[in-house]
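*Asks:* below: sequence and its predicted model.
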Amino acid sequence: MPMAGAIRWQTALTALEPGDELARRRLGRGAAMSPHLSPDLVSDAQQLLAYTFMVHALIAASIVAVMAAVTGWFMVLRRESFAGHTLSVMAFPGAAAAILAGIPVAFGYFAFSGGAALVIGAGSVRRGRGGGVQAALTGTVQAAALALGFLLLGVYGGLLESPTSLLFGSFLGISATQVVSLAVLAVGVLAFFALVGRPLLFASVDGAVASAHRVPVKALSISFMVVLGLTAAAIAQVTGALLVLALLVAPPATAMQLTPRIGVSLLLSILTALVTVWLGLGLAYFTNYAAGFFITTVAFTIYLAARLIGTLAWRPRREMVGPRPPSKADGLRHASVEG
Amino acid sequence: MVSGREDARAGQGAERDAGRGGQGRARTPAIELHDAQVRLGGRTIWSGVEVAAGHGELIAVLGPNGAGKSTLLQVLLGAVPLSRGTATVLGSPPGARDARIGFLPQRRVFDSGTRIRGIDIVRLGLDGSRWGMPVPGAARLSARARARAARVSELIEMVGAREYANRPIDECSGGEQQRLLIAQALAHRPELLLLDEPLDGLDLTNQAAVTALVKAIATERNVTVLLVAHDVNPLLPHLDRVIYLAGGRAAVGTPSEVITSPTLSALYGVDVEVLRTGSGRMVVVGAPEAPHAHGRRHPLADGAHGAGAGG
Ligand SMILES: Nc1ncnc2c1ncn2[C@@H]1O[C@H](COP(=O)(O)OP(=O)(O)OP(=O)(O)O)[C@@H](O)[C@H]1O
Ligand SMILES: [Mg+2]
């Protein structure tokens, strides 16, 4: 993966809070207009796109949103949100270790999340059906990851004043190279799903039957875990390690509330994720609060709205279907009873 | 790939007809186990099992919990190896002919939160092992996709699931899910159907309906069916034979041969009594297993007294 540009990003990251401040102050002084939300949407958009860093952030976030929406959809279906969270948290010690070693932070993200994905994937497959064992293994990895992250930061001391940015995200200083590398990763991840989406779906909802159909269930589950790790590492670069799960879980969960159709559900998930990051970044830009906070809040709000729509719109329709017994299907059932 | 499968299917049909006419197929059983033994975790589950099942036979696999009924199906699927003896499934070693086996695993209820339509679950039985990604509206684009869509709706019609096939599967009742899963198992016109407790959790009406459906599939399509059950009574009118597993051994034969006091006593190694009610229902009394194991499953099916009845 081309990570050369990440070095510049690392400099931005190591500067962390002071960097944020500097950037904001520079914004305030140098710009003709300081960001100011107004009812005029065109002017809002112009303000948003006035700075390269913001354009980069928006593109990076959009790429990450699409990845999160698709990977997260399968993650939710497979009930692997807990593993997903652990892989995201792994990004934190990953980044800290990279900073300590003086290599691009993105390397740390991908190495740690990807490595943990292999461990969790292989471990859970070997134990077979024991979901509880997997949860215990995953939880242990997660706790160790957080502790390791803080330890590494402690060892590093000095320059890295606070882990806030690694944990909660900083969308400033996403370089063009980083955007390109995220795009390449996204193409890879989407290609993975285009290739194995259907057997993965089969293995996810119905492992026993899928393996009777010669679907390579174990190989799929390990490779999905790795894709999940890479996706989590990518998202962590925008939302921070702790808030990755919001983008991985909320959009697919929202979509699944609204429709049981697979294709439509996936598209809705992508759409929700895109709206979430755009709104989240926009709000962060105009208010000077962390993007991760807004992304999470927007994601949660949309999910709540979807649940509300789901309960209001879906249930009554079911009840309408229910008490309509003299239908064709019912006749058939009686026929087969007698047959 | 699909056309290849279709060709194979056509070939099977011809072969099957030949089998009915002459005795080409009648001579090769659908399933053959010879001196079969399975060991799992250092323990012998069963041994010395001899089974020869013909095409189109409906066979019940009976026995107490832990007798190895599910294990038997796993052996036929090639997922569990024999530690001794030989197994032949559709003329090949187990595992080689999986595309021609329909399988319904034991007690599979979809978790709430599986927001997938029943129709999509059925469809996975048809194309779930193909590479690629489900594309919305594909049926409008290619003839193959249209053919698959038609097959799926035929399957749904066959099990009478039209009404709830478009609902999310987690909103379907256990019995409705079971019907959809049977449709899924039938998707690619299997020659052998392995059903692990398909009647579990169904009310009496649905037990009878599913049994009749399975029987119709067995006779009309010449499909061999192995059906694991805990209560033989709903199956009795339709059964060709039973495989009764208990005490690490198996008794194979017609229900009236196998479900008798002497045979079951020999199998269990203790005195077991088989009672017949006036209506021809069979009740097994005294089998050395917790009676509540059956009572829990089908309190009504086991007779008014809830005696340790069943297969
Ligand atoms: N992977 C395994 N390793 C060790 N022992 C196993 C394994 N799988 C099954 N067993 C044991 O084999 C025995 C038979 O199991 P099986 O699932 O075939 O029983 P069953 O007849 O289907 O029972 P039930 O009526 O409860 O479904 C059980 O005692 C079980 O504990
Ligand atoms: Mg079983």
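*Replies:* Everything's here; your move. Quick caveat: nothing in here was measured; it's all calculated off a predicted structure. Ligands and ions are numbered 1, 2, ... in the order given.
*Asks:* beta partners for B:L193?
*Replies:* Beta-bridge pairing for B:L193 (DSSP bridges): B:G102, B:V225.
*Asks:* count of neighbours near it?
*Replies:* Using other C-beta atoms under 10 Å in any protein chain shown, B:L193 has 23 neighbouring residues. Every residue, glycine included, has its C-beta placed from N, CA and C.
*Asks:* so it touches B:V228, yeah?
*Replies:* No. Taking C-beta atoms under 8 Å as the definition, B:L193 is not a contact partner of B:V228, at 11.5 Å.
*Asks:* so B:V61 sits in a helix?
*Replies:* No. Secondary structure assignment (DSSP: H, G, I helix; E, B strand; the rest coil) places B:V61 in strand, not in a helix.
*Asks:* and it, what is it in contact with?
*Replies:* Residues near B:V61 by C-beta atoms under 8 Å, 6 or more residues apart in numbering or on different chains: B:K69, B:L72, B:L73, B:L226, B:L227, B:V228, B:A229, B:V242, B:I243, B:L245.
*Asks:* report the two of these separated the most.
*Replies:* Using C-beta to C-beta, the two most remote members of the contacts of B:V61 are B:L73 and B:V242, lying 14.9 Å apart.
*Asks:* so for those two, which residue has more residues nearby?
*Replies:* Remark: of B:L73 and B:V242, B:V242 carries more neighbours, 28 against 24, as counted by other C-beta under 10 Å.
*Asks:* can you pull the contacts of the more buried one?
*Replies:* B:V242 sits next to B:I59, B:A60, B:V61, B:L62, B:V232, B:V252, B:G253, B:T254, B:P255, B:V258, B:I259, B:G311 when contact means C-beta under 8 Å, 6+ apart.
*Asks:* same deal with B:E176?
*Replies:* The neighbourhood of B:E176, defined by C-beta under 8 Å, 6+ apart, consists of B:G118, B:A161, B:Y164.
*Asks:* wait, B:S47 sits on B:G248?
*Replies:* Yes. Using C-beta under 8 Å, B:S47 is in contact with B:G248, at 6.2 Å.
*Asks:* number of nearby residues for the residue of the stretch 51-200 of chain B found nearest chain A?
*Replies:* Residue nearest to chain A within the stretch 51-200 of chain B: B:P136 (2.8 Å; C-beta to the nearest C-beta). When counting by other C-beta under 10 Å, one arrives at 13 neighbours for B:P136.
*Asks:* which residues touch it?
*Replies:* A:R261, A:I262, A:G263, A:V264, A:L267.
*Asks:* so of those residues, which ones are in helices?
*Replies:* A:I262, A:G263, A:V264, A:L267 (DSSP state H).
*Asks:* let's see the PyMOL selection covering just the buried ones among those.
*Replies:* In PyMOL, a selection of the buried entries from the ones in helices among the contacts of B:P136 looks like this (16 or more other C-beta atoms under 10 Å in any protein chain shown):
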select buried, chain A and resi 262+267
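*Asks:* restrict the ones in helices among the contacts of B:P136 to contacts with chain B.
*Replies:* Checked against chain B using C-beta under 8 Å from any C-beta of the partner chain, the ones in helices among the contacts of B:P136 yield the following neighbours: A:I262, A:G263, A:V264, A:L267.
*Asks:* and the stretch 51-200 of chain B, which residues reach ligand 1?
*Replies:* B:G63, B:N65, B:G66, B:A67, B:G68, B:K69, B:S70, B:T71, B:Q106 (C-beta under 6 Å from any ligand atom).
*Asks:* again, only using 5 Å
*Replies:* B:N65, B:G66, B:A67, B:G68, B:K69, B:S70, B:T71 (C-beta under 5 Å from any ligand atom).
*Asks:* can you list the weak-confidence ranges in the chain?
*Replies:* Unless you meant another one, I'm taking chain A. Low-confidence segments of chain A (pLDDT under 70): A:1-35, A:126-133, A:158-163, A:169-170, A:314-339.
*Asks:* let me rephrase: I mean chain B.
*Replies:* Ranges of chain B meeting pLDDT under 70: B:1-27, B:108, B:139, B:289-311.
*Asks:* ranges for the helices of it?
*Replies:* With helices called from DSSP H, chain B shows them at B:2-21, B:69-77, B:118-127, B:143-158, B:174-185, B:204-220, B:255-258, B:261-268, B:291-297.
*Asks:* so what does the second one touch, helix or strand wise?
*Replies:* Secondary-structure packing of helix B:69-77 (3 or more C-beta pairs under 8 Å, 6 or more residues apart in numbering or on different chains; DSSP states H and E): strand B:31-40, strand B:43-53, strand B:58-62, strand B:84-89, strand B:101-104, strand B:192-196, strand B:224-228, strand B:241-246.
*Asks:* quick one: that helix to chain centroid distance?
*Replies:* The chain centre lies 10 Å from the centre of helix B:69-77; the measure is C-alpha atoms, centre = their mean, to the nearest Å.
*Asks:* okay, it in CSV with CA atoms only?
*Replies:* Output of helix B:69-77 as CSV, limited to C-alpha atoms (Å, rounded to 0.1, in the frame of the first residue of the first chain):
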residue,chain,number,x,y,z
LYS,B,69,-28.5,-39.6,14.7
SER,B,70,-27.1,-36.2,13.6
THR,B,71,-23.7,-37.9,13.4
LEU,B,72,-25.1,-40.4,10.9
LEU,B,73,-26.2,-37.5,8.7
GLN,B,74,-22.8,-35.9,9.0
VAL,B,75,-21.2,-39.2,7.9
LEU,B,76,-23.3,-39.3,4.8
LEU,B,77,-22.4,-35.7,4.1
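*Asks:* circling back to that earlier point, farthest pair in the ones in helices among the contacts of B:P136?
*Replies:* A:I262 and A:L267 (9.9 Å).
*Asks:* end to end on stretch A:46-58, go ahead and measure it.
*Replies:* Using C-alpha to C-alpha, to the nearest Å, one end of stretch A:46-58 lies 13 Å from the other.
*Asks:* quick check: buried residues in that stretch?
*Replies:* A:Q47, A:L48, A:Y51, A:M54, A:H56, A:A57, A:L58.
*Asks:* ok, the fifth one - contacts?
*Replies:* Read it as A:H56. Contacts for A:H56 (C-beta under 8 Å, 6+ apart) come out as A:I174, A:S175, A:A176, A:Q178, A:V179.
*Asks:* could you check how far whatever helix or strand it lives in is from the centre of its chain?
*Replies:* Using DSSP states H and E, A:H56 sits in helix A:52-77. Centroid separation for helix A:52-77 versus its chain: 7 Å, with C-alpha atoms, centre = their mean.
*Asks:* could you point out which element follows that helix?
*Replies:* Next along the chain from helix A:52-77, counting by DSSP H and E, comes helix A:81-101.
*Asks:* beyond that following helix, next helix or strand please.
*Replies:* Where DSSP H and E defines the elements, the next helix or strand beyond helix A:81-101 is helix A:105-126.
*Asks:* got the angle between that next one and helix A:81-101?
*Replies:* Interaxial angle, helix A:105-126 versus helix A:81-101 (axes from the mean of the first three to the mean of the last three C-alpha atoms, to 10 degrees): 140 degrees.
*Asks:* CA atoms only: put helix A:105-126 into PDB for me.
*Replies:* The C-alpha trace of helix A:105-126 is given here as PDB (Å, rounded to 0.1, in the frame of the first residue of the first chain):
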ATOM      1  CA  VAL A 105       1.100   5.800  11.500                       C
ATOM      2  CA  ALA A 106      -1.100   4.200   8.800                       C
ATOM      3  CA  PHE A 107       1.300   1.200   8.800                       C
ATOM      4  CA  GLY A 108       0.700   0.800  12.500                       C
ATOM      5  CA  TYR A 109      -3.100   1.000  12.000                       C
ATOM      6  CA  PHE A 110      -3.100  -1.700   9.300                       C
ATOM      7  CA  ALA A 111      -0.500  -3.900  10.900                       C
ATOM      8  CA  PHE A 112      -2.200  -4.100  14.300                       C
ATOM      9  CA  SER A 113      -5.800  -4.300  13.100                       C
ATOM     10  CA  GLY A 114      -4.900  -6.800  10.400                       C
ATOM     11  CA  GLY A 115      -2.800  -8.900  12.700                       C
ATOM     12  CA  ALA A 116      -5.500  -9.000  15.400                       C
ATOM     13  CA  ALA A 117      -8.000  -9.900  12.700                       C
ATOM     14  CA  LEU A 118      -5.900 -12.900  11.800                       C
ATOM     15  CA  VAL A 119      -5.600 -14.000  15.400                       C
ATOM     16  CA  ILE A 120      -9.300 -13.600  16.100                       C
ATOM     17  CA  GLY A 121     -10.300 -15.100  12.800                       C
ATOM     18  CA  ALA A 122      -8.100 -18.200  13.100                       C
ATOM     19  CA  GLY A 123      -8.800 -18.600  16.800                       C
ATOM     20  CA  SER A 124     -12.600 -18.500  16.400                       C
ATOM     21  CA  VAL A 125     -12.500 -20.900  13.500                       C
ATOM     22  CA  ARG A 126     -10.400 -23.400  15.300                       C
END
